[in-house]
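Participant: Dropping the sequence and predicted coords here.
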Amino acid sequence: MPDVHEFSIADALATQVLRHVPAHGRVHEVEIRVGALRGLEPAAMEMCWDAVTHDTPLAGSVLVMDIRPWSLTCPTCGRVWESPVPFADCTCGEVAPRPTATDELDLVSMTVEDEDGDEDEGPVAAATPDGGAEAGERAS
Amino acid sequence: MSGTVRTTRLPIAERVLEVNDQLAEGVRADLARRGIFAIDLIGAPGSGKTALLEATLQRLQGRRRPAVLVGDLATRRDGDRLARWCDRVVQISTGEGCHLEAGQVRDALGQLDLDGVDLLFIENVGNLICPVGFDLGQSAKVGLFSLTEGDDKAAKHPYLVTAADVILLNKIDLAPYLTFDRAGFEADVRQLNPTVPILGISATTGEGFDAWLGWLERSSA
Ligand SMILES: Nc1nc2c(ncn2[C@@H]2O[C@H](COP(=O)(O)OP(=O)(O)OP(=O)(O)O)[C@@H](O)[C@H]2O)c(=O)[nH]1
Ligand SMILES: [Mg+2]
Ligand SMILES: [Zn+2]
Ligand SMILES: [Zn+2]
C-alpha cells in the first residue's frame, strides 16, 4: 500500500480531473503545481496516481509535478536561493538560513488527445486550442 | 488512425482541495456565528493528544463549555477517555483515512448540541504530515510533539511547524530518562517559524499547563 498521504491527494485530484475531461477525451497528461510545504514525494505520488486512475478514463496518463522549492534567506550575507530541502548552510558559512515555502496544491492543466476524423462519434467539442476552453462546463 | 497524435493543453488553474476548503469555510463561518473557538490538534500517534485533552478538559471544568471531536482510525477508546471529562464528545471513525476532512467535522458538529459551547477541540488522526494540509475550519492549529519521538521531528515536519499557532512539547516529565536535545528542537522550530510560542508540558504531571491554559484563554478570549 503506497503512502496514504499521497494517496488521498491523488484521489482528490483524479476526481477533480475527471470532472474536466471532455466527452470521449483521452487524457495524456495532468499537470499540478505543489509547494514544498506539502512534502509530496514524487515517486509515491506517481504510484498513487497510477493506482487511483487504473480502470478510469485517466488510466495511463502522466502526472507532471511542478514542485516549488524552498526559498532560503541567509541572515548573515543576505543571499537568497532555492533549495529542495529546508535546512542547508549558506556558502558564507551561516548554518541557519531562514527557510520559507508555499503550500499551494493546484491543478494547472491537462493535455487531451484531439479527436479529429471520426465523425460518427458525434460532435466531440474538444476544447478550443486558444486556451479559452472551460473544460468545466463539459463536466456534467 | 496512425501517425502522430495531436493533443491540446487545457489550462485549468484550480485548487485540488477546493471542495474541502469550501466546506471548511462553511464550518468556520458557523463556528464564528456561535462564538466558538476551535482548535485542530495535530500530533504523531502516541504523542499524547488525548492525554493533553483529558488534562485540559479537567482543568477547564466549570470555567468553559467545551466540545470535542476525535478522529480515530478504528476504536472508540479516545472518545471514551474524553467522555469522562466532557459531555459533548463525538467520535469520528476515519477508517483508513489518515486525516480528518472538513465534511467530517461538519457532520460531527451536526450531532452535537452546541448551545452554550465556547470551545471546540478537534483531535486529528495521529499523523504529522497529512492533517496539516486539510483545513477543518479551525481557529487555531496546535502542533503537538513529545520527547519520546526524538528531537528531530520538528525539522522533519516543517509544514506543521510553519502552520501551527502554538507548538507544544509534551512528556517533559520523561526528560531525565531520555536524550532529547531540547535546545536543538527549539532552534529547528525557530528557524522555520520565528514567532510561534513553544511550550513544554507534561499531560501526566500538569507541568507547563499554566502557560498552555494561558495561551488558550488569551487566544479564545
Ligand atoms: N510520561 C508521560 N506519558 C504521557 C504523557 N502524555 C501522554 N503520555 C502517555 O503516552 C501514551 C499515548 O498517549 P495518548 O494520549 O493516547 O496519545 P495520542 O496522541 O492521543 O495517541 P493516538 O490517538 O493513538 O494517536 C499513553 O500511554 C499516555 O499515558 C506525558 O506527558 N508524560
Ligand atoms: Mg488519541
Ligand atoms: Zn550567507
Ligand atoms: Zn491523510
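Facilitator: Everything's here; your move. Ligands and ions are numbered 1, 2, ... in the order given.

Participant: going forward, measure contacts and count neighbours with C-alpha atoms only.
Facilitator: Noted.

Participant: Tell me the residue of chain B that sits nearest ligand 4?
Facilitator: Distances from chain B to ligand 4, computed as CA to the ion, single out B:Cys98 as the nearest residue at 3.7 Å.

Participant: Return the residues in contact with the closest residue to that residue other than its chain neighbours.
Facilitator: Closest residue to B:Cys98 apart from its sequence neighbours, by CA to CA, 6 or more residues apart in numbering or on different chains: B:Val125 at 6.1 Å. Neighbour list for B:Val125: B:42-43, B:45, B:70-73, B:94, B:98-100, B:131 [criterion: CA atoms under 8 Å, 6 or more residues apart in numbering or on different chains].

Participant: sorry, back to before: against B:Asn127, how distant is the residue of chain B closest to ligand 4?
Facilitator: As judged by CA to CA, to the nearest Å, B:Cys98 and B:Asn127 stand 7 Å apart.

Participant: Could you check which of these two has the larger neighbour count?
Facilitator: In terms of neighbours (other CA atoms under 10 Å in any protein chain shown), B:Cys98 is the more surrounded of B:Cys98 and B:Asn127; the figures are 23 against 17.

Participant: Does the more buried one touch A:Glu6 like I think?
Facilitator: No - distance between B:Cys98 and A:Glu6: 10.4 Å, which falls outside the contact criterion (CA atoms under 8 Å).

Participant: what about B:Gly103, neighbour count?
Facilitator: A count of nearby residues for B:Gly103, using other CA under 10 Å, gives 18.

Participant: what's it in contact with, if anything?
Facilitator: Taking CA under 8 Å, 6+ apart as the definition of contact, the neighbours of B:Gly103 are B:20, B:23-24.

Participant: among those, which are in strands?
Facilitator: Using DSSP state E, the subset of the contacts of B:Gly103 located in strands is empty.

Participant: Kindly reformat these as a markdown table containing distance to ligand 4, neighbour count and pLDDT.
Facilitator: Compiled in a markdown table, those are given as follows (distance: CA to the ion, whole Å; neighbours: other CA atoms under 10 Å in any protein chain shown; pLDDT from 0 to 100):
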| residue | distance to ligand 4 | neighbour count | pLDDT |
| --- | --- | --- | --- |
| B:Asn20 | 13 | 19 | 94 |
| B:Leu23 | 17 | 19 | 98 |
| B:Ala24 | 16 | 22 | 98 |
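
Participant: so what's B:Val89 up against?
Facilitator: If you count contacts by CA under 8 Å, 6+ apart, B:Val89 has them with B:67-70, B:79, B:82-83, B:112.

Participant: From those residues, list the buried ones, please.
Facilitator: Among the contacts of B:Val89, those classed as buried by 16 or more other CA atoms under 10 Å in any protein chain shown are B:67-70, B:79, B:82-83, B:112.

Participant: Take those and keep only those in strands.
Facilitator: B:67-70.

Participant: just to revisit the earlier point, output the contacts of B:Gly103 in a markdown table, with distance to B:Arg33 appended to each entry.
Facilitator: Conversion of the contacts of B:Gly103 to a markdown table gives the following (distance: CA to CA, whole Å):
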| residue | distance to B:Arg33 |
| --- | --- |
| B:Asn20 | 20 |
| B:Leu23 | 16 |
| B:Ala24 | 14 |
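
Participant: tell me the two of the ones in strands among the buried ones among the contacts of B:Val89 that are most distant?
Facilitator: Based on CA to CA, the longest span within these runs between B:Ala67 and B:Val70 and measures 10.1 Å.

Participant: Nearest to B:Arg59 among the buried ones among the contacts of B:Val89?
Facilitator: Nearest member of these to B:Arg59, counting by CA to CA, is B:Leu82, at 13.0 Å.

Participant: Now do the same for that closest one: its pLDDT.
Facilitator: At B:Leu82, the model reports a pLDDT of 94.

Participant: Wait, it touches B:Lys49, no?
Facilitator: No - B:Leu82 is not in contact with B:Lys49 according to CA under 8 Å; the separation is 10.8 Å.

Participant: which of the ones in strands among the buried ones among the contacts of B:Val89 lies closest to ligand 1?
Facilitator: Using CA to the nearest ligand atom, B:Val70 is the member of those that sits closest to ligand 1, with 8.4 Å.

Participant: Tell me which residues touch that closest one, please.
Facilitator: Under the criterion of CA under 8 Å, 6+ apart, the neighbours of B:Val70 are B:78-79, B:89-92, B:122-125.

Participant: go again using 10 Å as the cut-off
Facilitator: B:41, B:49-50, B:76, B:78-79, B:82, B:89-94, B:100, B:105, B:108, B:121-125 (CA atoms under 10 Å, 6 or more residues apart in numbering or on different chains).

Participant: Repeat that for B:Asn193.
Facilitator: A:98-100, B:158, B:161-165, B:187.

Participant: Quickly list what B:Ala67 is bridged to.
Facilitator: When bridges are called by DSSP bridges, B:Ala67 pairs up with B:Leu120.

Participant: Surely it is in contact with B:Leu114?
Facilitator: Yes - the pair B:Ala67 / B:Leu114 is scored as a contact, 7.9 Å apart, by CA atoms under 10 Å.

Participant: which residues do the two both contact?
Facilitator: Common contacts of B:Ala67 and B:Leu114, defined by CA under 10 Å, 6+ apart, comprise B:36, B:88, B:120.

Participant: how far away is B:Gly103 from chain A?
Facilitator: According to CA to the nearest CA, to the nearest Å, B:Gly103 and chain A sit 14 Å apart.

Participant: hang on, that residue is in a helix, isn't it?
Facilitator: Yes - assessed by DSSP: H, G, I helix; E, B strand; the rest coil, B:Gly103 belongs to a helix.
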